[in-house]
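Peer 1: Sequence first, then the predicted structure:
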Amino acid sequence: MKIAIVGATGVVGESLIALLERKKVDATYCLFASSKSKGKIVEICGKGYVVDSIENCHDCKVDVAFMMCSAQLSKAYTPIFLANGATVIDNSSCFRLQEDVPLVVDSINGQLAVGKRLVCNPNCTTIAVAMVLDALEAWDVSKAIVSTYQAVSGAGRDGLCDLHYKSSYGSLKCFDHPIYDNVIPAIDSPCDNGYTAEEMKMTNECKKLLGKDIDVSCTAVRVPVSVGHSCSMCVELNRRFEVEQIVSALMAYPNIIVANNLQMHRYPMPIVAKNSPFVYVGRLRKDITASNRLSMFVSSDNLLRGASFNAYEIFRRIVNA
């Protein structure tokens, strides 16, 4: 098998390469990145591969192409890989809401990836939230209010630089305001309705993923954490529930771990979720304002569970079909 990885030297691309190594995927690789990474050597399973500039991909013929890059690059180069016969797994937002392109999380709708030439990863926070909502399907979820706490690595290597080097105004690489010792309550570009593009991704992608017109309202916040997105969720359920029932359903769901013991200080945190393919759920409780509402806290690794591992699950679903 021959695999292309576009964005191979970015934080998500590196996460995918490390994962493919751990899974011992038997393949040869074509690695692409921006021109500034051209010539860099990346080792995969003991073999060195030279990174080429993405502009040179036109004659590249591979079985599978992972687009671990920006929406702009995916829009420009995904059609080229498709025309050359590849199956494309796209981590960007470019094609997610296109009607004829499946948006896939394996435990929710993995079968939709089979036989498709282009399959999309959802947004990293959407993946965790949608998995939790899917686990609660028996109680007929009607609404979710979500506030996110998103790590700087979600903005790429420049985001990590702004955190690690404690950048201040005038020397920021990524953010409009310093992120060190701060939180920024706006991610991505503003929309006309007062939300941001990041927030609307969750609203729209959850509906497509779950196949139902669920109301999701999100406030997306960047926090000074290197890796690991978290969110506070208040979910409205149309059927009566007990917290113990919810815990059992979450424990039975693939790739979810329940950490829900407040007395023993066991709850989801980015430091717990880091380097893990699981979604951690805890602080489960009935909302004191309404008996049909469930409150919780969720954490997951945005580079792994929210990107590379989800892409790998799609890849595995496709190749094993």
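Peer 2: That came through fine.
Peer 1: Tell me where this structure has helices.
Peer 2: Per DSSP state H, the chain carries helices over the ranges 11-22, 71-83, 106-109, 124-135, 157-164, 197-210, 243-251, 270-273, 309-319.
Peer 1: Point me to the residue sitting closest to the centre of this protein.
Peer 2: Cys124 (2.1 Å; CA atoms, centre = their mean).
Peer 1: Need the pLDDT of the residue nearest to that residue when sequence neighbours are not counted.
Peer 2: Sequence neighbours aside, Gly306 is the residue nearest to Cys124 in space, at 2.8 Å (criterion: CB to CB, 6 or more residues apart in numbering). Where you see a C-beta, it was placed from the backbone N, CA and C, and this is true even at glycine. If you check Gly306, the pLDDT there is 98.
Peer 1: Asn56 now?
Peer 2: 94.
Peer 1: tell me the contacts of it?
Peer 2: Asn56 makes contact with Phe32, according to CB atoms under 8 Å, 6 or more residues apart in numbering.
Peer 1: circling back to that earlier point, taking the helices of the chain together, which one is wrapped up most tightly?
Peer 2: Among those, helix 124-135 has the highest mean neighbour count (mean count of other CB atoms under 10 Å), at a mean of 26.
Peer 1: Put the alpha carbons of it into PDB.
Peer 2: Output in PDB follows, covering the C-alpha atoms of helix 124-135 (Å, rounded to 0.1, in the frame of the first residue of the first chain):
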ATOM      1  CA  CYS A 124     -11.800  17.900  17.000                       C
ATOM      2  CA  THR A 125     -14.300  19.100  19.600                       C
ATOM      3  CA  THR A 126     -17.200  17.900  17.600                       C
ATOM      4  CA  ILE A 127     -15.900  14.400  17.700                       C
ATOM      5  CA  ALA A 128     -15.900  14.200  21.500                       C
ATOM      6  CA  VAL A 129     -19.300  15.900  21.900                       C
ATOM      7  CA  ALA A 130     -21.000  13.800  19.200                       C
ATOM      8  CA  MET A 131     -19.700  10.600  20.700                       C
ATOM      9  CA  VAL A 132     -21.200  11.500  24.100                       C
ATOM     10  CA  LEU A 133     -24.500  12.500  22.500                       C
ATOM     11  CA  ASP A 134     -24.600   9.300  20.500                       C
ATOM     12  CA  ALA A 135     -24.100   7.300  23.700                       C
END
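Peer 1: Show me what that helix is packed against.
Peer 2: helix 106-109, strand 141-149, helix 197-210, strand 229-237, helix 243-251, strand 256-258, strand 279-286, strand 293-300 (3 or more CB pairs under 8 Å, 6 or more residues apart in numbering; DSSP states H and E).
Peer 1: switch to 7 Å and redo it
Peer 2: In terms of contacts (3 or more CB pairs under 7 Å, 6 or more residues apart in numbering; DSSP states H and E), helix 124-135 is packed against helix 106-109, strand 141-149, helix 197-210, strand 229-237, strand 279-286, strand 293-300.
Peer 1: Can you redo the ones you listed as a markdown table, where the extra columns are distance to Lys173 and mean pLDDT?
Peer 2: Formatted as a markdown table, the helices and strands packed on helix 124-135 follow (distance: least, CB to CB, whole Å; pLDDT from 0 to 100):
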| stretch | distance to Lys173 | mean pLDDT |
| --- | --- | --- |
| helix 106-109 | 34 | 98 |
| strand 141-149 | 21 | 98 |
| helix 197-210 | 19 | 98 |
| strand 229-237 | 20 | 98 |
| strand 279-286 | 30 | 98 |
| strand 293-300 | 25 | 98 |
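Peer 1: Can you add distance to Cys94 and give those back as JSON lines?
Peer 2: Below are these laid out as JSON lines (distance: least, CB to CB, whole Å):
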{"stretch": "helix 106-109", "distance to Cys94": "19"}
{"stretch": "strand 141-149", "distance to Cys94": "21"}
{"stretch": "helix 197-210", "distance to Cys94": "12"}
{"stretch": "strand 229-237", "distance to Cys94": "21"}
{"stretch": "strand 279-286", "distance to Cys94": "25"}
{"stretch": "strand 293-300", "distance to Cys94": "23"}
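Peer 1: can you tell which of those is closest to Val223?
Peer 2: Ranking the helices and strands packed on helix 124-135 by proximity to Val223 (CB to CB) places strand 141-149 first, at 4.6 Å.
Peer 1: can you pull the contacts of the residue nearest to Ser276 when sequence neighbours are not counted?
Peer 2: Nearest-residue entry for Ser276: Asp301, 5.7 Å, with adjacent residues in sequence omitted and distances by CB to CB, 6+ apart. Counting by CB atoms under 7 Å, 6 or more residues apart in numbering, Asp301 makes contact with Val227, Gly228, Ala273, Lys274, Asn275, Ser276.
Peer 1: out of those residues, who's nearest Lys212?
Peer 2: Ala273 (26.9 Å).
Peer 1: Read off the pLDDT value for that closest one.
Peer 2: pLDDT, Ala273: 98.
Peer 1: what's the answer for Ala321, then?
Peer 2: 81.
Peer 1: ok so, going back, now for the residue nearest to the centre of the chain: which residues touch it?
Peer 2: Gly154, His229, Asn302, Gly306, Ala307.
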